[in-house]
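A.B. asks: Mind looking at a prediction? Sequence and model below.
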Amino acid sequence: MKEGMNKVVIVDMALCIGCGECVKLCPKKILYIDEKSKKCKVTDERKCDRLRGCERVCPVKAIKII
């Protein structure tokens, strides 16, 4: 299986500024700011509700739901 095939939440690490707006908004609490990288990471993509709130709230458009 290729890496990324089952991706639902795509975070562009080059764009992410680690502001945490997506983390605050996520009703499923699957997003978090990684302490080491200071970037948004995803815990369990299977729980994503696909309502795209995180996409809309991201000020730099670093998150895509597919």
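C.D. replies: Ah, there it is. From a predicted model like this one, the values you see are computed outputs, not experimental measurements.
A.B. asks: For the residue lying closest to residue 34 once chain neighbours are set aside, list the residues it contacts.
C.D. replies: Nearest residue to residue 34, sequence neighbours excluded (Cβ to Cβ, 6 or more residues apart in numbering): residue 41, at 4.6 Å. Bear in mind the C-beta positions are built from the backbone N, C-alpha and C, glycine included. By Cβ atoms under 8 Å, 6 or more residues apart in numbering, residue 41 lies in contact with 11, 31-34.
A.B. asks: Mind doing that once more with 10 Å?
C.D. replies: 9, 11, 13, 16, 23, 30-35 (Cβ atoms under 10 Å, 6 or more residues apart in numbering).
A.B. asks: do the same with residue 29
C.D. replies: With Cβ under 10 Å, 6+ apart, residue 29 has these contacts: 23, 43-44, 47.
A.B. asks: Let's see which of those end up in helices.
C.D. replies: If you go by DSSP state H, the contacts of residue 29 have residue 23 in helices.
A.B. asks: most neighbours, which of the contacts of residue 29?
C.D. replies: residue 23 (17 neighbours; other Cβ atoms under 10 Å).
A.B. asks: separation between that one and residue 62?
C.D. replies: Plainly put, residue 23 is 12 Å away from residue 62 if you go by Cβ to Cβ, to the nearest Å.
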